[in-house]
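*Asks:* Fold the following.
(one chain, ligands or ions: 1)
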Amino acid sequence: MGYDFDQYIERRGTNCLKYDFAVERGLPKDVLPLWVADMDFKSPKCITEALVRAAEHGIFGYSEVKDSYYEALTAWFRKRFDAELQPRSFVKTPGIVFAIAQAIRAFSKEGEGVLINPPVYYPFFEVIRDNHRRIVESPLALKDGHYEIDFEDLERKLAEPDVKIYLLCSPHNPVGRVWTEEELRGIGSLCEKYDVILVSDEIHCDLIRPGYKHTPIIKACPEQTERIIMMTAPSKTFNTPGLQNSNIYIPHRPLRVKFREELNRTGYSQQNLMSLVASEAAYRVGEEWLTECLEYLEHNLSIVRDYLKEHVPGARLIEPEGTYFAWIDFSAYHLSDKDLDHKIIYEAGLWLDGGTVFGEETGSGFQRLVYATPEKILREALERLGKAFEGAEYH
Ligand SMILES: Cc1ncc(COP(=O)(O)O)c(C=O)c1O
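*Replies:* Prediction:
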C-alpha cells in the first residue's frame with residue numbers, strides 16, 4: 001500500500017495541456033501551472049496495469065461496454081453513495097462537456113434558455129453559447145465566505161417560459177460547494193414546478209472533504225427521475241481526463257431515447273477501448289488509492305490555508321467542501337482583474353485561472369488554484385505568490 005503523492009513526475013513533453021501549452025496560450029514559457037483541473041499524480045496502479053495488458057494485446061479494434069463494466073460502476077455507486085443505479089439507464093459518452101452539448105441540443109431549441117449558477121465552470125457558458133442557446137444566470141450568493149443558491153432568484157429565472165434546462169454543477173466548480181440533500185431537493189422541486197430538465201454534472205462527486213457528503217441527484221430527488229440527467233465520470237476521481245470516458249445516467253426512457261438520438265446525429269457510437277479497461281479497473285480496485293489521494297489533498301489544502309493567512313493576508317480562501325480547487329478572493333488588494341491577472345502571471349510567474357472566466361461579475365477579484373500537486377510544487381507556487389504580494393496594501 002502507499003502511493004507516493006510527493007513524487008514529482010515531469011509532465012513537460014507529454015502533450016500535457018497543463019504544462020506544455022503556455023506559449024501557445026500567450027503566456028511566458030516558465031509559468032508554474034495550477035490552472036486546469038487535473039492532478040500531477042500518477043493514476044492508481046490498477047489503471048496502468050489494465051492499460052498495459054490492453055496495449056500488449058496489441059489489437060485496438062472497435063469496442064463496446066460489457067456487463068462487467070456496469071457491475072463495477074454500479075457497485076462503486078452502491079458502496080460510496082448508497083445509490084442503486086440500473087445499468088440499462090446509462091449512456092456512454094467520451095466526455096461530460098460533450099454530453100452537456102448533446103443534452104442542450106436534445107432538450108432545447110435554438111434561442112431557448114439554459115440556466116447556470118455563476119461563478120461556474122467556464123465551458124458551461126461556451127457550450128450554451130456555441131449551441132445558440134440563451135445563457136440564463138442565477139448567480140450564487142456569497143454570504144460570510146460561504147456560497148449558497150439564491151432560491152428566490154433561481155425560481156424567478158426558472159419561471160421564464162423559454163428556460164428549458166438547468167445545468168447544475170454538483171459539487172460546484174470553482175467554489176467547492178457540496179450541495180446538501182435539502183438544497184438538491186429544493187432544486188428538484190423547482191424544476192418540476194417549471195417543467196425544466198435538470199442536468200446535474202457530478203464529475204467531482206468523489207472528491208469530497210471529510211465532514212461533507214455528496215448526494216447523487218437521482219437519490220436526492222427520486223420523484224423527479226423523469227426530468228433528470230445525471231452526468232458522472234471517473235476522470236476527476238482517478239485523474240484520467242485524457243482517456244475520455246463518461247457515464248451519463250438517464251433513468252427515464254423517453255429522455256434517454258432522445259439523448260441517444262442526438263448522440264447518433266453526431267456520429268458517435270463505440271467507446272474508446274483504453275478508457276473502458278482503465279475505468280473498469282479503477283471502479284473495481286481503485287478505492288484505496290482514492291482514499292490516500294483525498295488525505296493528501298486535505299494536507300495540501302491546509303498548506304494553502306496556512307500560507308495565505310501568514311504571507312498573503314489580504315487573500316481570502318473560500319473553504320471548499322469538495323473538489324481540489326482553492327477559490328481565492330483577492331479583492332481586498334483593490335486591483336482591476338487585468339492587473340490581478342498580470343500580477344499573478346508576470347510577477348508571481350503562476351498560471352492560475354482568473355476568476356472572471358467563471359463569471360464576469362461573480363468571479364471578479366478571484367483566482368482559482370488547483371492544489372492537486374506534490375507538496376513541493378505547491379509550496380513553490382505559494383512562495384511565488386507570497387513574493388508577488390509582499391508588502392502589498394489591502395483593506
Ligand atoms: C464541472 C466540470 N464538468 C466537466 C468537466 C470536464 O469534463 P470532460 O473532460 O469529461 O468534458 C470539468 C473539468 O474540469 C468540470 O470541472
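*Asks:* separation between residue 27 and the ligand?
*Replies:* 19 Å (C-beta to the nearest ligand atom, to the nearest Å). Backbone N, C-alpha and C define where each C-beta goes, glycine included.
*Asks:* Surely that residue and residue 345 touch.
*Replies:* Yes - using C-beta atoms under 8 Å, residue 27 makes contact with residue 345 at a distance of 6.1 Å.
*Asks:* Tell me the residues that contact both of those two, please.
*Replies:* residue 351 (C-beta atoms under 8 Å, 6 or more residues apart in numbering).
*Asks:* who's in contact with the residue of the stretch 251-395 of the chain found nearest the ligand?
*Replies:* Closest contact between the stretch 251-395 of the chain and the ligand, by C-beta to the nearest ligand atom, is at residue 323 (7.8 Å). Residues in contact with residue 323 (C-beta under 8 Å, 6+ apart) are 171-174, 176, 204, 207.
*Asks:* from the residues you listed, which single one is nearest the ligand?
*Replies:* Scanning the contacts of residue 323 for proximity to the ligand, where the rule is C-beta to the nearest ligand atom, the winner is residue 173, at 4.0 Å.
*Asks:* Is the closest one in a helix, a strand, or coil?
*Replies:* coil (DSSP: H, G, I helix; E, B strand; the rest coil).
*Asks:* for residue 91, same thing?
*Replies:* Under three-state DSSP, residue 91 comes out as strand.
*Asks:* ok, now which ones touch the residue nearest to it when sequence neighbours are not counted?
*Replies:* Closest residue to residue 91 apart from its sequence neighbours, by C-beta to C-beta, 6 or more residues apart in numbering: residue 248 at 4.6 Å. Residues near residue 248 by C-beta under 8 Å, 6+ apart: 90-93, 99, 229-232, 259.
*Asks:* Give the buried subset of those as a PyMOL selection command.
*Replies:* Buried members of those can be picked out in PyMOL with the line below, counting by 16 or more other C-beta atoms under 10 Å:
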select buried, resi 90+91+92+93+99+229+230+231+232+259
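*Asks:* can you list the contacts of residue 248 in JSON lines and add distance to the ligand and pLDDT?
*Replies:* Shown next, in JSON lines, are the contacts of residue 248 (distance: C-beta to the nearest ligand atom, whole Å; pLDDT from 0 to 100):
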{"residue": "90", "distance to the ligand": "15", "pLDDT": "98"}
{"residue": "91", "distance to the ligand": "14", "pLDDT": "97"}
{"residue": "92", "distance to the ligand": "12", "pLDDT": "96"}
{"residue": "93", "distance to the ligand": "8", "pLDDT": "97"}
{"residue": "99", "distance to the ligand": "8", "pLDDT": "98"}
{"residue": "229", "distance to the ligand": "13", "pLDDT": "98"}
{"residue": "230", "distance to the ligand": "13", "pLDDT": "98"}
{"residue": "231", "distance to the ligand": "8", "pLDDT": "98"}
{"residue": "232", "distance to the ligand": "10", "pLDDT": "98"}
{"residue": "259", "distance to the ligand": "16", "pLDDT": "98"}
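*Asks:* Need the contacts of residue 248 in CSV (columns: distance to residue 6).
*Replies:* As requested, these are exported to CSV (distance: C-beta to C-beta, whole Å):
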residue, distance to residue 6
90, 37
91, 39
92, 35
93, 35
99, 35
229, 39
230, 35
231, 33
232, 29
259, 42
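*Asks:* Please enumerate the helices of this protein.
*Replies:* For the chain, the helices defined by DSSP state H occupy 17-20, 45-57, 67-81, 96-107, 123-130, 151-158, 181-193, 217-220, 253-266, 273-285, 287-311, 337-342, 375-388.
*Asks:* What are the contacting residues of the first one?
*Replies:* Contacts of helix 17-20 with the rest of the structure, by C-beta under 8 Å, 6+ apart, involve 11-14, 33, 35-36, 38, 40.
*Asks:* In strands, which of these fall?
*Replies:* Under the assignment DSSP state E, the contacts of helix 17-20 contribute residue 33 to strands.
*Asks:* who in the chain is up against the ligand?
*Replies:* 37, 95-98, 121, 169, 173, 201, 203, 233, 235, 241, 246 (C-beta under 6 Å from any ligand atom).
*Asks:* Repeat the analysis, applying 8 Å as the threshold.
*Replies:* Contact residues (C-beta under 8 Å from any ligand atom) of the chain with the ligand: 36-38, 94-100, 120-121, 123-124, 169, 172-173, 201, 203-204, 231, 233, 235-236, 241, 244-246, 323.
*Asks:* on that earlier part again, got the phi/psi numbers for the residue of the stretch 251-395 of the chain closest to the ligand?
*Replies:* Per-residue torsions, residue 323: phi 70, psi -180 (degrees, to the nearest 10).
*Asks:* All good on my end, thank you.
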